[in-house]
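Undergrad: After the sequence you'll find the predicted model.
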Amino acid sequence: MTELEVDAQDVVRLMLQFCKENGLKESLKTLQQESQVALNTVESVEGFLTDVQTGNWDAVLQACQSLQLPMGKLMSVYEQIVLELLELREIDVARAMLRQTEAMLAMKQEQPERYTRLESLCSRPIWDAREAYDSGSGKETRRIEIAKSLSTEVTVVPPSRLLVLIGQALKWQQHQGLLPPGTQFDVFRGTAAAKPDENDDFPSKCTHQIKFGKKSHAECAAFSPDGQYLVSGTIDGFVEVWDHETGKLRKDLKYQANEDLMMHEEAVLSLAWSKDSELLATGDQGGKIKVWVWKVRTGQCARRFDKAHSQGITSLCFSRDSTQLCSASYDASMRMHGLKSGKMLKEMRGHSSYINHCCYTLDGLRLVSSGSDGWVKVWDPKTAENLHSFRPNPGVEVPVNCCCVLPKSEHMVVCDRSSTAYVMTLQGQVVKTISSGKKTGGDFLTACVSRFGTWLYCLAEDQTMYVFNLREGKLEHLVRVHDKEPMACASTPTATSSPPTPTTVPSSSGALEKAPETEPP
């Protein structure tokens, strides 16, 4: 393979761009002086030249602060500004610029006659354009000439080139198998970041609370598989990315810093991440799906399914290779969508009421759906054939909220609208029954499993999260999570820098919380 040589000056320019974009003005200036390398980039060449031609000198001077222009061209810029200030009779400002700016002082030394002429114009009681400009010239003509001379000095490059190149390098390492997908990478050390904690502890204290607007609340939340992002979907259609370590909006994502948020026209009811944390799918109350692509720290909508379902989308899950997306809906159907073709590939029907949840098994060979009709159904995603149908509690029609596939196991947890959860096989055999023991007012709404499968978190209508030890099948801990009825929960899939593992709980109160501390039962 031919080796590519990188010019050292190009590396310096990458650092200069990073300094400029992050407001490191002194660092930018010092690096340019020491390296004698100029960045000379503007956000838009056309916009910069238009500012020159229209006399928008404030913007021109601001841009020139980070440019290294030939002194002769810089003199022409300042000379023109002085002349236009004199035309406006801003004589004191013109004199200050003439006597205090670096370009004008250089003109005084190198071209004294030209400088003396400007001093003389400052003393004139009346402005005379014929005296200020050469014969056949004028203000507009001079502006055009200056813009033409500057056009060869500036250029435009895509933003965040340094971060983009580092991201591409990491992607290549992942592609070559040098860095497993989803692994946090320590760029400075050149190694995968060490996991600070491998214990699968349950949450015991509230670390952060995310507040939404008075008329808004989170309908759903999901962590990315690599643990880098926490995403919420709200009733007013916004999809927001949070730092779950700080509880703050991720402003390092430029579209969020610019308040250009991902959003739907209707309430966002469901979220799903692809296994490599590259794709985020969102489903709304009107039956629309959007699939967002996460590349180079920007969120772009890569695919839309405007009529995925006739009613709201309650659950989403990606196939193992992220080429297909399964959706479940209030219309009692599940559908498979091709991300490349943008078409519906298969439809699975069999439930007689809402489908509350869908998920793939760990091997990706089966789909499991949970319905308000009390049935759990296992499907073949390739043929859309219903392989098994069963109720966790035969003879009792209780809505099934969700099914959670257990890590490193062929079993799953089935959570229905009661105070009991069931560990079951895909064929419908009950392996273990787990109950809170509460007779009334404590029905489970949803559930999730800790990353190693040690703990089962069951969220109940009494605003309490019940923490069960899955191995022993006993209740381990009680956590009061909200003052109003909670709606969903999600557990971090990776180790965090501040254990214990946080569980995020959206509520109709308009808050997104990490579970608060409560005495164990």
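TA: Ah, there it is.
Undergrad: The helix or strand hosting Cys404 pairs with which strands?
TA: Element membership of Cys404, judged by DSSP states H and E, is strand 400-405. Strand 400-405 has these partner strands in its sheet, going by DSSP bridges: strand 412-416 (antiparallel).
Undergrad: hmm, who's touching the strand it pairs with?
TA: Applying Cβ atoms under 8 Å, 6 or more residues apart in numbering, the contact partners of strand 412-416 are 361, 368, 370, 374, 376, 392-393, 398-406, 421-426, 434, 444, 446-447, 449, 456, 458, 470. For glycine as for every other residue, the C-beta is placed from the backbone atoms N, C-alpha and C.
Undergrad: what's the average pLDDT for that strand?
TA: Summarised as a single mean, pLDDT over strand 412-416 is 95.
Undergrad: coming back round to it: can you give the distance from the strand holding Cys404 to the centre of its chain?
TA: 27 Å (Cα atoms, centre = their mean, to the nearest Å).
Undergrad: and what of stretch 200-216?
TA: Its chain's C-alpha centre and that of stretch 200-216 lie 19 Å apart, by Cα atoms, centre = their mean.
Undergrad: picking that back up, flag every buried residue along the strand holding Cys404.
TA: By neighbour count on 16 or more other Cβ atoms under 10 Å, the buried set for strand 400-405 is 400-405.
Undergrad: cool, stretch 81-90 as well?
TA: For stretch 81-90, burial by neighbour count (16+ other Cβ under 10 Å) applies to 81-86.
Undergrad: What's the first helix or strand after the longest helix anywhere in the chain?
TA: The residue-count maximum for a helix in the chain (DSSP state H) belongs to helix 71-87. Per DSSP H and E, helix 71-87 leads on to helix 91-100 as the next helix or strand towards the C-terminus.
Undergrad: how much does that following helix deviate in direction from helix 71-87?
TA: Put simply, helix 91-100 runs at 160 degrees to helix 71-87, going by axes from the mean of the first three to the mean of the last three Cα atoms, to 10 degrees.
Undergrad: What helices and strands are in contact with helix 91-100?
TA: Contacts defined by 3 or more Cβ pairs under 8 Å, 6 or more residues apart in numbering; DSSP states H and E place helix 91-100 against helix 71-87, helix 102-110, helix 112-123.
Undergrad: quick one on the thing from earlier: now the buried residues of strand 400-405 in TSV, please, with extra columns for pLDDT and distance to Met336.
TA: Rendered in TSV, the data for these read as follows (pLDDT from 0 to 100; distance: Cβ to Cβ, whole Å):
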residue	pLDDT	distance to Met336
Val400	95	21
Asn401	94	23
Cys402	94	20
Cys403	95	18
Cys404	93	21
Val405	93	18
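Undergrad: follow-up on the earlier one: can I get the helices and strands packed on helix 91-100 in CSV with mean pLDDT?
TA: As requested, the helices and strands packed on helix 91-100 are arranged in CSV below (pLDDT from 0 to 100):
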stretch, mean pLDDT
helix 71-87, 91
helix 102-110, 92
helix 112-123, 91
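Undergrad: what is the rounded mean pLDDT of stretch 282-300?
TA: Predicted confidence along stretch 282-300 averages 75 (mean pLDDT).
Undergrad: Quick one: the helices in the stretch 251-400 of the chain, in order.
TA: For the stretch 251-400 of the chain, applying DSSP state H, counting those that start in this stretch gives helices covering 254-257.
Undergrad: on that earlier part again, what residues does the longest helix of the chain touch?
TA: Defining contact as Cβ under 8 Å, 6+ apart, one finds that helix 71-87 is touched by 52, 55, 57, 60-61, 64, 69, 91, 93-94, 97-98, 101, 103-104, 106-107, 110-111, 114, 118, 121-122, 124, 127, 129, 132-133, 139, 142-143, 145-146, 149-150, 153.
Undergrad: again with stretch 374-392
TA: Among residues not part of stretch 374-392, those counted as contacts by Cβ under 8 Å, 6+ apart are 319, 324, 326, 334, 336, 346-348, 350-351, 360, 364-371, 396-400, 403, 414, 416, 422, 424, 426-428, 430.
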